[in-house]
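J.: next come a sequence and a model predicted from it.
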Amino acid sequence: MQQRAMIAVPNQFQLVALSNSRHPSFGLLADCSVNAVFENRWHQRWRSSTSGRSHSKQFARISFDDCRNVGDVLKLAMKQIDNSAPIPTAATLNSISRLIFKDQRFHHNRFELEQQIRLLIQHTTDSLGKCKPKELATITLSIAKIVRGIREAHERRRVNIYHQAFGSVLQESSSNPNQGIFHALVKATDANLPDFKSRDLSNIAYAYALLGYDPKIDERSLLGAIAEKSIDCIQQFEPQHFANTVWSYARLNVDNPRLFQSVGDAVASKRDLDEFKPQELANIVWAYATAKAQHSDLFQNVGDSIAATDDLRSFNPQNLANIVWAYAKINIQHPGLFKKVGESIVVMDDMKSFVPQALANIVWAYATNKTQQARLFQKVGDDIFARDDLRSFDPQSLANIVWAYATNNAQHPNLFQKVGDSIASSDGSKPFTTQNLANIVWAYAKLDVKHPGLFEKIGRSIGALDDLSSFESQHLANIAWSFAVADIDVPLAFNDVFLRALVEKQNELNVKELRQLYKWHIWQVEKSNTGLPEVLRERCERAYVKSHTSSARVHNSSTI
């Protein structure tokens, strides 16, 4: 007799005993390690309904089309068990994944709800051996969507009893899925992998990407096996399969060059990409850039297709941002694509639908790609300036925006004033990285934008640190140079800790950074502040003098 995989299910007595115990993440019943199945009327009838009979022939008897919420789905599933009839687990979980995040009628008793969910999941794991590949993929994807949605509900602090109950069963913690359930799913998937179609393969990969979970089987990677099977049937892939597959591997940081080469070859060989939706094109190039997978023919074909599109109204803001970001990230030039995207954004009535990260990624991409689009930078700057406040912008987005404007020599005083005011008045709840701080002051100095409040805020923040070992040599040099150019003296910033960090990293300094530090040294001496230590000052001075001597020679030779 085949041994059934058991899920930890507390019996009725244990559930009552645990009812006052709070789960650390979900505030519901604490996890129970006892492999027991509650003895109630549902479970007794479920045992009789699953023993010795084929499920698939009776699945047509139950339909969830009329179910309006999760309660309706569970009620119908439990009714099947009451009648000793099989449950179509794939359809049940798929319906729950669609309905759980819609408005619910909370008519469930929590104890009863826990019982029903655990019974459903136990039934699911027990029936996996009889599932077809399509059903396995649907079950895995449905559970992944439920878990992902529960995590998002907790982030938004909009959690209801269904989120809590399903989270308690399907997750071991706020970030880890229930190993028992997913081990059973992975094992069943591996056993049936030879029969999986392209849609099933992409759905399985996508499911685990949603979970952020790279499953293993006896030290083997399930995703490695899925990749090999995908390569074998790559000609059967549809646009969504291509996009979901490479997106999933990039999202999970699973390195598989053969898969990316195979997908890239298949997409690049298509004469046109009209069958690809904007989201699919965006996800494909985003995946290649994120995975650092080079495929110039793929990027050329995608770029040509988008540049030749009459208009890009079918591309949403995130699509546009991800596409240009991908080309810039992987350092692929496509002037036609950047021209088309820039022009499509400029003619928009407004940019209210662009989230902060999309705005930052767009200007960062154009600056990194060295593409001049004055009207685009003006449009984005105007939009940011017109917003009520910048509290929705994280430090990375703010740093990338001002860095992009400075790199592109794009002046926008109102934008810089607003960003500066926002940072200067921030409460410190959103910490800035060392690179963020260096890029921000560098951008203001580069464009000669005066904002004493900003420099004082950042200067005091640096001066309050006891250790600057996390600062790279470039960050230290850029910060020193920026304060010197801006001529804003914040002595607290350049204390003994700062000077000690420079000495410790002196062997990492390049010629440009040495010149920057000497410029800062001269400025510090003029302010009667402590300059560079002698051993470092001499190196910086030699680099500074040498560069100015070379510049003078070039100038003199050009005037002869």
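T.: Sure thing, it's come through. Bear in mind the structure is a predicted one, so any value in this text is a computation, not a measurement.

J.: from here on, contacts and neighbour counts on C-alpha atoms
T.: Noted.

J.: for this structure, what helix or strand is lowest in average pLDDT?
T.: Here the helix or strand of the chain ranked lowest by mean pLDDT, DSSP states H and E is helix 12-18, holding a mean of 31.

J.: burial check on the nearest residue to residue 474 once chain neighbours are set aside, number of neighbours?
T.: Once flanking residues are discounted, residue 474 sits nearest to residue 513: 6.6 Å by Cα to Cα, 6 or more residues apart in numbering. By other Cα atoms under 10 Å, the residues close to residue 513 number 23.

J.: does residue 513 touch residue 477 like I think?
T.: Yes - Residue 513 is within contact range of residue 477, at 5.5 Å (criterion: Cα atoms under 8 Å).

J.: list residues touching both of the two?
T.: When contacts are counted by Cα atoms under 8 Å, 6 or more residues apart in numbering, residue 513 and residue 477 have no shared neighbour.

J.: what stretches of the stretch 51-200 of the chain score poorly on pLDDT?
T.: Along the stretch 51-200 of the chain, the model assigns pLDDT under 70 to residues 51-61, 84-86, 103-108.

J.: helices of that one, residue ranges please.
T.: Per DSSP state H, counting those that start in this stretch, the stretch 51-200 of the chain carries helices over the ranges 70-82, 89-99, 110-126, 133-156, 161-170, 179-192, 198-211.

J.: can you check the stretch 351-500 of the chain too?
T.: For the stretch 351-500 of the chain, the helices defined by DSSP H, counting those that start in this stretch occupy 356-368, 374-386, 395-407, 413-424, 434-446, 452-463, 473-486, 496-504.

J.: and the helix or strand just after the shortest one, how far out from the chain's middle?
T.: Meaning helix 496-504. Downstream of helix 496-504, the next assigned helix or strand under DSSP states H and E is helix 511-526. Centroid separation between helix 511-526 and its chain, computed with Cα atoms, centre = their mean, to the nearest Å, is 39 Å.

J.: wasn't residue 528 part of a helix?
T.: No - using DSSP: H, G, I helix; E, B strand; the rest coil, the assignment for residue 528 is coil, not a helix.

J.: ok, and the closest non-adjacent residue to residue 489?
T.: Going by Cα to Cα, 6+ apart, residue 489 has residue 483 as its nearest residue, at 7.0 Å.

J.: show me the shaky parts of the stretch 301-450 of the chain.
T.: The stretch 301-450 of the chain contains no residues with pLDDT under 70.

J.: and residue 547, how far from residue 280?
T.: Between residue 547 and residue 280 the distance is 49 Å, computed by Cα to Cα, to the nearest Å.

J.: when the two are compared, which one has more neighbours?
T.: Between residue 547 and residue 280, residue 280 has the larger neighbour count (other Cα under 10 Å), namely 19 against 14.

J.: can you pull the contacts of the more buried one?
T.: By Cα under 8 Å, 6+ apart, residue 280 lies in contact with 239-240, 243-244.

J.: now those in TSV, with secondary structure, distance to residue 488 and pLDDT?
T.: TSV is the format used below for the contacts of residue 280 (DSSP: H, G, I helix; E, B strand; the rest coil; distance: Cα to Cα, whole Å; pLDDT from 0 to 100):
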residue	secondary structure	distance to residue 488	pLDDT
239	helix	55	97
240	helix	54	97
243	helix	50	98
244	helix	50	98
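
J.: could you report the neighbour count for the residue nearest to residue 489?
T.: Counted with other Cα under 10 Å, residues neighbouring residue 483 total 23.

J.: dump the residue contacts of it.
T.: For residue 483, the contacting residues are 441, 445, 455, 489, 520, by Cα under 8 Å, 6+ apart.
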